[in-house]
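Visitor: After the sequence you'll find the predicted model.
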Amino acid sequence: MDLTDRARAWIADDPDPADREELTAVLAAAGAGDGAAAADLADRFSGPLEFGTAGLRGSVGAGQHRMNRAVVQRAAAGLGAWLAGRVERPASSSAWTPGTGRGSSPTTAPPS
């Protein structure tokens, strides 16, 4: 799967309309020959964000290598799957998703 296909697949799966719009614009500009947009697109898909000593961190924006709702949801699902295989299920199941100092924290949290 090439970069354009990966970006289109991401757009199709992204739950955030603003991020879909942002990435669609970058993809269109890159496809029209804009070198800066092509470099930006390549960076957005240079690999998944990884957990470090400060948790999951990255530039806010659309794409696999940015901090956004889709990345947070995928990370939370992965952590949940990992925990489910290692921890005995408690009598009640609930999770707490902390926010950050970023203005977009309420948008990266799951809907209540």
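Guide: Cool, the structure landed.
Visitor: From here on, just use CA atoms for contacts and neighbour counts.
Guide: Noted.
Visitor: Is it correct that A70 falls within a strand?
Guide: No: going by DSSP: H, G, I helix; E, B strand; the rest coil, the assignment for A70 is helix, not a strand.
Visitor: Next up, the contacts around it.
Guide: Contacts for A70 (C-alpha atoms under 8 Å, 6 or more residues apart in numbering) come out as 13-16.
Visitor: Next one: it relative to A18, how far apart?
Guide: As defined by C-alpha to C-alpha, to the nearest Å, A70 lies at a distance of 12 Å from A18.
Visitor: What of L27?
Guide: Applying C-alpha to C-alpha to L27 and A18 gives a distance of 14 Å.
Visitor: between these two, who's got more neighbours?
Guide: L27 (21 against 12; other C-alpha atoms under 10 Å).
Visitor: can you pull the buried residues of whichever strand or helix holds that one?
Guide: Counting by DSSP states H and E, the element that carries L27 is helix 17-31. Residues of helix 17-31 classed as buried under the neighbour-count rule (16 or more other C-alpha atoms under 10 Å) are 19-20, 23-24, 26-27, 29-30.
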